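take a look and give me a structure for this.
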Amino acid sequence: MIRNIVGSVLALAGATAAVWSPFRAWYDGRHGRDYPIEDLFTGITDAKADVMTSILLPFLFAALLTLVGVVFRSRWLVALAGLVVLGFTILWMVRVGQAEGGLTVESGDRGLGDGVANALGGGVLLLIGAVVMSGRPRPHATRVDQPRPPTRPTLDGPPSDRRPYPPERPPYGAPPDDQPTRTYPAQPPGAPPPDDQPTRTYPARPPGAPPPEAAPPDRTAPPSSSDGPWGPGRDEGPPPPGHRG
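Numbers count the residues shown, from 1 in each chain. Modelled structure (predicted):
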């Protein structure tokens, strides 16, 4: 902000000096407003020009560029105004040097006057002001990211901002949703249901073969109620204490 203010002040001062310079003596007491603008391209003559068709015209254009550059804080417009002032001043000096055989700097009304100094100084101030100005702030590129979901479920706000609850766990033994369910092919009518494990079969016993031996009794099985509490065949025993027969 401060740089823009300082640069604007320098630019306006340079534009003012450039516009005021044609009303001062440029060479041998002749004012800058007396030089026609076309003499800068064809050669310096003794013809006297009007004010708006003199060398003042490019300086007014430079002042207009300066005002626009200060308003819009454009460093390039201010620098362009300084180049216009310096360019036309140097071009005039070249043409006068060709017409006079050289340029001289003497006191009084002879030689280069203060109008040329004002024009050169105004152009330099315009360039300095353009350098000092910071210009318009550049817009920062905003990165648009997708909104992150909240860390916990929220009940307020629009439904699109609510985070869904985690899915419920399937019951024990149920296949998860992300795994395919095992399916079986369709069975024809009357066919027995499929079995994952094969059934164990034994060879048929030939006729007249003795029956297979019976399995030995299980000694670990508890005695039956008919054997009695003291072993087989002993259903009776001494009565318990307090028993009345």
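
surely residue 113 meets residue 23?
No. Counting by CB atoms under 8 Å, residue 113 sits too far from residue 23 to count as a contact (11.1 Å). Backbone N, C-alpha and C define where each C-beta goes, glycine included.

low-confidence ranges in the protein?
The model of the chain has pLDDT under 70 over residues 106-109, 139-188, 191-205, 209, 211-245.

this protein: strands as residue ranges?
Per DSSP state E, the chain carries strands over the ranges 25-27, 30-31.

which one of the ones you listed is the most hemmed in?
strand 25-27 (a mean of 23; mean count of other CB atoms under 10 Å).

contacts for it?
31-32, 35, 92, 96, 100, 103, 109, 111-116 (CB atoms under 8 Å, 6 or more residues apart in numbering).

give me that answer again for 10 Å
Outside strand 25-27, the residues that touch it by CB atoms under 10 Å, 6 or more residues apart in numbering are 31-35, 44, 55, 89, 92-93, 96-97, 99-100, 103-104, 108-119.

now the buried members of those residues.
Neighbour-count burial (16 or more other CB atoms under 10 Å) is assigned, among the contacts of strand 25-27, to 31-35, 44, 55, 89, 92-93, 96, 111-113, 115-119.

so which residues of this structure form helices?
Here the chain has its helices, by DSSP state H, at 2-20, 39-42, 56-71, 75-100, 114-132.

now do the last one: which elements does it pack against?
If I follow you right, that is helix 114-132. Contacts defined by 3 or more CB pairs under 10 Å, 6 or more residues apart in numbering; DSSP states H and E place helix 114-132 against helix 2-20, strand 25-27, helix 56-71, helix 75-100.

any chance of TSV for the ones you listed, columns distance to residue 130?
TSV is the format used below for the helices and strands packed on helix 114-132 (distance: least, CB to CB, whole Å):
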stretch	distance to residue 130
helix 2-20	7
strand 25-27	25
helix 56-71	8
helix 75-100	4
